[in-house]
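J.: all I have is the shape, not the residue letters:
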């Protein structure tokens, strides 16, 4: 990281007298909560990062790692040894890492952490000017998220060997395989040799419980907004921005939800259907304008938070933290900084992009085949419904009789049956989840193979791959029914069923089921521990360790191991699901207006369930500095602009909505509205004219509403003014000094 390692004497390992050996004094146990209270410990002695070694890691390897951490100013504040279930002698070792204030400040300068100054600006932290920053010297100068981020940043970029090769020689002696020459980091070597299987920040029991209840109580005291600032201080900007986005989207969805309820009331009073209601097309136009305004106002809302947190990107912040520790390449002197860096030519990555694209296309074709099978299973592909297009069953290119026969009238899954028709929908949603899960593994392997240098580029590549695949899975069936079958009723039924089932699936699978498994796992461990005989099942070195802690539960006895055993938090899935939900609301607005109502209810539950999931189900995620949701906003923008075309096509082709205004253009049949061949050009012209009008309106809205609010713009100008004044003062001081020397 550009600093010389501080040589320190290797730690003397004390005898292990308890499962958790606390180097910084013994924090009080809280058995009623199954955790540890950190409130009375100074920051330097509070565990920040957990590193779990596997059972194959020898004591010498663990001591080597601890020595390397100490050389870089990191502290080992606790150590825990947990016996491996079903083994007589194996045990995993978990260490808790912290850092001194001096080390944190050095790392903050190295990575360009932005902090508020006494002059009212947000500046990168500089050690030489440390007295200029607000709160310097206080124990809470760095938030818990910033402490975790800085400690892990220091850990991630510790090289295997940085000097005379002595560390490399020692690893060879220990039998640890690694690349010579100092190109690999310590973390890369440990993970490649399966010596470490978990590196994650450690939860603070008190703070996470308080934060969870604040998130849950937000709905009870009529507050829509989540405790975003508290979330940021504990989980970091990456998680906080997700809640900012979800909060803002939920509030804005209340407007189309109210309009859709009003539209439903008007249809009921007039006795109209979704096809014959003359107000429904205007709802589609309203949704487009609403979505464009939402995107612009969210940019403004997000910019305020980013500026407040010091992550606003105006071209002045560095991106050292964004480098991936897994990145590999050739060592070279950077033409920008003049320092040694790893380099991987872009030309070597182009061929990998082509291979990734081909693999994705092949898997998309497989997903399309499964979608066709699912639509046959649900009874949506029936050539008999429109013999004018398909005189015989075999004329329909996607009809599969062997599958479709089970959804025929009177069959097992008759579409007219309320309960039997739900089974194919549930199977369809489950199949989508399975396909998405399999592709997630493929996409991860492909993106790692592409060897992206920065976290941002790696995440953008993953987002693009997974969104294309999962959006294809989610929307291709609806697009098929809307634009190929031209069946408004089937489209509405499929959209309402899939959207509703997937919403309930999210809440159940992401929060309720994991919590149930967690409680069951704890109960199973307790049951197995009661039947456990330490004198019979373990060697003498561990008899006292196990016997002295029999009265405590597994979570109390091994708090660090228990925490590293939690599932990792996958924010990617939450962001993806919200983006797909946004597509359901906007792309098919005129087919299913109540989607906005369902989305509001689902998001209100999602906010609370995500708070519980972060606190109780998942281990603490690594804090990530971000200024925005990035690529997700770009994808939502693409969905909005595409919704102008999709809703206009539904208005003019799929439904009979345009026929209510120009009935002479259509020949209405039992299977739906079909325009006559001699007037078809008027319908096509109307559709594209309306779509272009909506696009123009959207562009006008984008131009009329600036993406940066005035207060942030003024703060940016003030910062530039302060910098200019400092440079001017420095030049004048230098000029006076030169004149004095000449005199």
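T.: Good, I have the coordinates. Just so it is clear, the model here is predicted, and its values are computed rather than measured.
J.: ok, and what's touching the strand or helix carrying residue 690?
T.: Using DSSP states H and E, residue 690 sits within helix 680-704. Outside helix 680-704, the residues that touch it by CB atoms under 8 Å, 6 or more residues apart in numbering are 285, 288-289, 292-293, 296, 640-641, 644-645, 648-649, 651-653, 658, 662, 665, 675. (Each C-beta comes from the backbone N, C-alpha and C, glycine too.)
J.: ok now the following helix or strand past it, how far from the chain's centre?
T.: Proceeding N to C from helix 680-704, the next assigned helix or strand is helix 710-742, under DSSP H and E. Averaging C-alpha positions (CA atoms, centre = their mean, to the nearest Å) puts helix 710-742 41 Å from its chain's average.
J.: all numbers from here: first residue = 40
T.: Shifting the count to begin at 40 puts that one at helix 749-781.
J.: now do the strands in the stretch 590-739 of the chain.
T.: Counting by DSSP state E, counting those that start in this stretch, the stretch 590-739 of the chain has strands at residues 705-708, 711-714.
J.: lowest-confidence stretch among those?
T.: Lowest mean pLDDT of the strands of the stretch 590-739 of the chain: strand 711-714, a mean of 51.
J.: just to check, residue 233 is in contact with residue 95?
T.: Yes. Between residue 233 and residue 95 there is a contact at 6.6 Å, judged by CB atoms under 8 Å.
J.: ranking helices and strands of the chain by mean pLDDT, which lands last?
T.: Ranking every helix and strand in the chain by mean pLDDT, DSSP states H and E puts strand 68-69 at the bottom, with a mean of 35.
J.: roughly how far apart are residue 600 and residue 245?
T.: According to CB to CB, to the nearest Å, residue 600 and residue 245 sit 20 Å apart.
J.: and those two? which has more neighbours close in?
T.: Just comparing residue 600 and residue 245: by other CB atoms under 10 Å the higher neighbour count belongs to residue 600, 23 against 15.
J.: using the three-state scheme, assign the closest residue to that one other than its chain neighbours.
T.: Nearest residue to residue 600 in three dimensions, chain neighbours excluded: residue 121, at 4.1 Å (CB to CB, 6 or more residues apart in numbering). Counting by DSSP: H, G, I helix; E, B strand; the rest coil, the backbone at residue 121 sits in strand.
J.: okay, and the beta partners of residue 121?
T.: Beta bridges link residue 121 to residue 131 when assigned by DSSP bridges.
J.: what are the buried residues along stretch 518-532?
T.: Neighbour-count burial for stretch 518-532 flags 519, 520, 521, 524, 525, 526, 527, 529, 530, 531, 532 (criterion: 16 or more other CB atoms under 10 Å).
J.: what about that stretch, start to end distance?
T.: End-to-end span of stretch 518-532 (CA to CA, to the nearest Å): 13 Å.
J.: okay, helices next: where are they in the stretch 390-539 of the chain?
T.: Ranges of helices within the stretch 390-539 of the chain are 440-443, 461-489, 494-522, 527-546, based on DSSP state H, counting those that start in this stretch.
J.: need those helices in a markdown table with mean pLDDT, can you?
T.: Below are these laid out as a markdown table (pLDDT from 0 to 100):
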| stretch | mean pLDDT |
| --- | --- |
| helix 440-443 | 83 |
| helix 461-489 | 83 |
| helix 494-522 | 84 |
| helix 527-546 | 77 |
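J.: would you reformat the buried residues of stretch 518-532 as TSV and include distance to residue 466?
T.: Converted to TSV, the buried residues of stretch 518-532 look like this (distance: CB to CB, whole Å):
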residue	distance to residue 466
519	17
520	17
521	22
524	20
525	25
526	21
527	24
529	17
530	19
531	20
532	16
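J.: out of those, who's nearest residue 419?
T.: Distance to residue 419 across the buried residues of stretch 518-532 (CB to CB) is lowest for residue 529, with 5.1 Å.
J.: could you measure the closest one against residue 722, distance?
T.: Here residue 529 is placed at a distance of 21 Å from residue 722 (CB to CB).
J.: over to residue 383?
T.: 53 Å.
J.: swap in residue 329?
T.: From residue 329 across to residue 722, the span is 26 Å (CB to CB).
J.: what's the answer for residue 340, then?
T.: Distance, residue 340 to residue 722, using CB to CB: 40 Å.
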